[in-house]
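S.K.: can you look at this prediction? I've put the sequence above it.
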Amino acid sequence: MTEKKKLRIATTSLAGCFGCHMSILDIDERLFPLLELVEFDRSPLTDIKHCGPCDIGLVEGGICNAENVHVLREFRKNCKVLIAIGACAINGGLPAQRNHLDLSSCLTEVYLTEPGLVHGHIPNDPELPLPLDKVHPLHEVVKIDYFIPGCPPSADAIWKFLTDLIAGKTPELGHGLIKYD
Amino acid sequence: MSDTFQLDGQPVVFESGQTVMQAALAAGHYIPHLCYHPEFKPHGSCKLCTVKVNGRTAASCTMPAEAGLEVESDSEELNALRRTLVQMLFADGNHFCPSCEKSGNCILQALGYDLEVHSAGFRHQFPDRPLDASHPDILLDFNRCILCELCVNASAEVDGKHVFALAGRGNSKHLIVNAESGLLKDTDIALTDKAMSVCPVGVIIKKGVGFSTPIGERRYDQRPISEQALDDAPRLPSGEAHD
């Protein structure tokens, strides 16, 4: 008897708060039956640094800097199905609230002119990824196959979506599970 | 004198002078709608209520009911069209539900839920629309305006005040406040005005309320809009059954 090959899943958080990852953990003991079906590639759960070939990629957060673009492209290249999870991945969310402001005036206010700052300077270490002029939803940078809305989506919504997908069905959330807030 | 038309193959009784939308809602049949409000003359602009009448598309809120019409509403084709309209509205403004006080009570959001809209999909416009927080009791957040004109009509027709108007054309069309300063504090708007209660989205916000009803316990958290809208619609006089 041959064991059914497990699906390989990668997850990451870009311009997000890891709230969606907390919600993934919130599926609680259902993680055990999930682990019968899947194994994790790059994810905060494994600490693997680069995404290899995967069946499903889950990306939390929008795109706010150059590194986000590289990671997202790596996910798109390696994942057969790419899912944007949470409000920020879908429409930029909270970080995108800076989009109507000028980036340099944001940095100036935060690091130079904010009252109480002493010897402030705008960080310019080559290790730091450069911020983008605007924050973008994921689908403006690569093709996204599915979206799980919510801030964060509930554990039940994530569970329903993933189990539908793994079962080969078109994922549907329905009233109570589909939430934008 | 009443007659019938067919809606998705079911007979709907209507009174002379009713629109397809009015007759359908009164008879307990839901047609998705956004800018239509039962107390105001239909605007016909959001097109969410588009149906096919004898094979041609029409806004059901402005389409007069006629005997023998064959109206198609709940089809995958029309719901896909409605989904796209909702997505375009979300991409056009700044609709950040997690930080919006109207979340859970918002008709645009509730339609998104009901139509299984998982994302706006289009390129987001991220327009720059400053708030008007000048009034002591009322906040205006233009970021969420969908130009339905309900506040304009409510203020003019019910309140007799003309506090709001739409200005500009095309992509630059926007909601304005009727005061020399352009600020809400210089109008005679009051919390008891009809204009305060008709906004389907989160533009006209009463200050000091915030999240006193928690997210998750709000109107469309409890029931989908397709059920709630039927309760909100004017009904036939009691005794007249409709199935």
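M.R.: Everything's here; your move.
S.K.: quick one: low-confidence parts of chain B?
M.R.: Low-confidence segments of chain B, defined by pLDDT under 70, span residues B:1, B:234-243.
S.K.: any figure for the gap between the residue sitting nearest the centre point of it and B:Ile107?
M.R.: Geometric centre of chain B, nearest residue: B:Leu34, 2.8 Å, by Cα atoms, centre = their mean. For B:Leu34, the distance to B:Ile107 (Cβ to Cβ, to the nearest Å) stands at 6 Å. For the C-beta atoms, the positions are set from N, CA and C on the backbone; glycine is no exception.
S.K.: show me what from chain A comes close to chain B.
M.R.: Applying the criterion Cβ under 8 Å from any Cβ of the partner chain, the portion of chain A that neighbours chain B consists of A:84, A:87, A:90-94, A:96-97, A:99-100, A:134, A:137, A:139-140, A:144, A:146-149, A:151, A:172-175, A:178-181.
S.K.: how far is the longest helix along chain B from where the chain is centred?
M.R.: Across chain B, the helix with the greatest residue count (assigned by DSSP state H) is helix B:76-92. Its chain's average C-alpha position is 14 Å from that of helix B:76-92, according to Cα atoms, centre = their mean, to the nearest Å.
S.K.: again with stretch A:61-81
M.R.: On Cα atoms, centre = their mean, the centre of stretch A:61-81 falls 9 Å from that of its chain.
S.K.: show me the strands in chain B, by range?
M.R.: Counting by DSSP state E, chain B has strands at residues B:2-7, B:10-15, B:50-53, B:56-59, B:70-72, B:138-140, B:164-167, B:174-177, B:204-206.
S.K.: buried residues of the fourth one, list them for me.
M.R.: Going back to what we said before, that points to strand B:56-59. B:Ala58, B:Ala59 (16 or more other Cβ atoms under 10 Å in any protein chain shown).
S.K.: who touches that strand?
M.R.: The list of residues contacting strand B:56-59 from outside it, by Cβ atoms under 8 Å, 6 or more residues apart in numbering or on different chains, reads B:Val20, B:Pro42, B:Gly44, B:Lys47, B:Cys49, B:Thr50, B:Val51, B:Lys52.
S.K.: and what of the first one?
M.R.: For strand B:2-7, the external contacting residues (Cβ under 8 Å, 6+ apart) are B:11-16, B:20, B:23-24, B:29, B:65-71, B:73.
S.K.: coming back round to it: can I get the contacts of strand B:56-59 in CSV with neighbour count and distance to chain A?
M.R.: As requested, the contacts of strand B:56-59 are exported to CSV (neighbours: other Cβ atoms under 10 Å in any protein chain shown; distance: Cβ to the nearest Cβ, whole Å):
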residue, neighbour count, distance to chain A
B:Val20, 28, 26
B:Pro42, 19, 27
B:Gly44, 18, 27
B:Lys47, 16, 22
B:Cys49, 26, 20
B:Thr50, 22, 22
B:Val51, 25, 23
B:Lys52, 16, 25
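S.K.: check the residues of chain A next to chain B for burial and list the buried ones.
M.R.: Among the residues of chain A next to chain B, those classed as buried by 16+ other Cβ under 10 Å are A:84, A:87, A:90-94, A:96, A:99, A:134, A:137, A:139, A:144, A:146-149, A:151, A:173, A:175, A:178-181.
S.K.: just those residues: which are in strands?
M.R.: Counting by DSSP E, the members of these that fall within strands are A:Ala84, A:Lys134, A:Tyr146, A:Phe147, A:Ile148.
S.K.: residues touching the fourth one, list them.
M.R.: The contact partners of A:Phe147, by Cβ under 8 Å, 6+ apart, come to A:Ile83, A:Ala84, A:Ile85, A:Ala89, A:Ile90, A:His139, B:His118, B:Ser119.
S.K.: let's see 10 Å
M.R.: Neighbour list for A:Phe147: A:83-86, A:89-91, A:137-139, A:153, A:161, A:171, B:117-121 [criterion: Cβ atoms under 10 Å, 6 or more residues apart in numbering or on different chains].
S.K.: and it, what's its pLDDT?
M.R.: Reported pLDDT at A:Phe147 in the predicted model: 98.
S.K.: quick check: B:Val201 touching B:Asp141?
M.R.: Yes. B:Val201 sits in contact with B:Asp141 when judged by Cβ atoms under 10 Å, with a separation of 9.1 Å.
S.K.: now do the shared contacts for these two.
M.R.: With contacts defined as Cβ under 10 Å, 6+ apart, the residues adjacent to both B:Val201 and B:Asp141 are B:Gly93, B:Cys100, B:Lys102.
S.K.: show me the helices in the chain, by range?
M.R.: Because you didn't say which chain, this covers chain A. With DSSP H, the ranges of helices along chain A come out as A:19-25, A:31-37, A:66-78, A:87-91, A:103-108, A:155-166.
S.K.: wait, chain B
M.R.: In chain order, chain B shows helices spanning B:20-26, B:76-92, B:107-114, B:150-153, B:219-222, B:225-232, with DSSP H as the criterion.
S.K.: what's the angle between the second one and helix B:107-114?
M.R.: Orientation check (axes from the mean of the first three to the mean of the last three Cα atoms, to 10 degrees): helix B:76-92 against helix B:107-114 gives 130 degrees.
S.K.: can you list the low-confidence ranges for chain A?
M.R.: Across chain A, residues meeting the criterion (pLDDT under 70) sit at A:1-2.
S.K.: try 50 this time
M.R.: Residue ranges of chain A with pLDDT under 50: none are present.
S.K.: centroid-nearest residue for it?
M.R.: Most central in chain A under Cα atoms, centre = their mean is A:Glu60, positioned 1.2 Å from the mean C-alpha point.
S.K.: hang on, the earlier thing: what's the most buried one of the helices of chain A?
M.R.: Most buried of those by mean neighbour count (mean count of other Cβ atoms under 10 Å in any protein chain shown) is helix A:87-91; its value is a mean of 30.
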